[in-house]
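**Q** using only what follows, build the 3D model:
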Amino acid sequence: AARLCGSLLSVALLVITFRKNIDIFFKGNNFLIKSFFFGEIQYLNEKRSVFKNTSFLSFRNYYKYQLTQRLDYWSYRVISLGFTFLTIGILCGAVWANEAWGSYWNWDPKETWAFITWTIFTIYLHTRTREIKRLQLSKD
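**A** Numbers count the residues shown, from 1 in each chain. Just a heads-up that it's a prediction; the model follows:
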């Protein structure tokens, strides 16, 4: 479940990062949603007009940048937690298989796919960790 939630956070990150227009709430003619968010929209429009008048263009996407950074952080953390549980589950399953069948690993489809899944998440976590270290070194 943790790996699924982390993967969904990663998908949300990809959707937000590569989506051009975010007009999810206002595609239809739903008056209730429009009237519920009217005050918030007016406030956001005021903020947007203030940002347009400033010389700092990076503020335009500042909130989107913050959101993507948080999604990236939480997806990495949740996937790391799920990976830990997957590793413990595979090891406990191997011990149980040795007690039940006399061998730790038989390469049946369930064990093989557990190994493939574990390898894929290992590659993801390894490359993610290397990228974090590379970014930290480039800042210094």
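
**Q** residue 103 touches residue 96, doesn't it?
**A** No: the criterion here is C-beta atoms under 8 Å, and residue 103 misses it with residue 96 at 11.6 Å. (Glycine included, C-beta is placed from N, CA and C.)

**Q** can you give me the helices for this protein?
**A** Secondary structure of the chain by DSSP state H: the helices cover 2-18, 31-36, 38-53, 62-101, 109-139.

**Q** turn those helices into TSV, including mean pLDDT and mean neighbour count.
**A** Shown next, in TSV, are the helices of the chain (pLDDT from 0 to 100; neighbours: other C-beta atoms under 10 Å):
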stretch	mean pLDDT	mean neighbour count
helix 2-18	83	15
helix 31-36	46	10
helix 38-53	49	10
helix 62-101	89	14
helix 109-139	88	11
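
**Q** most distant residue from the middle of the protein?
**A** residue 102 (39.7 Å; C-alpha atoms, centre = their mean).

**Q** contacting residues for the closest residue to residue 67 other than its chain neighbours?
**A** Residue nearest to residue 67 in three dimensions, not counting chain neighbours: residue 16, with 6.4 Å by C-beta to C-beta, 6 or more residues apart in numbering. By C-beta atoms under 8 Å, 6 or more residues apart in numbering, the residues touching residue 16 are 22, 64, 67-68, 71.

**Q** from these, which is closest to residue 121?
**A** Nearest to residue 121, judged by C-beta to C-beta, of the contacts of residue 16 is residue 71 at 18.0 Å.

**Q** for that closest one, what are its contacts?
**A** 9-10, 12-13, 16.

**Q** out of these, which comes closest to residue 83?
**A** Of these, the one sitting nearest to residue 83 (C-beta to C-beta) turns out to be residue 10, at 13.3 Å.
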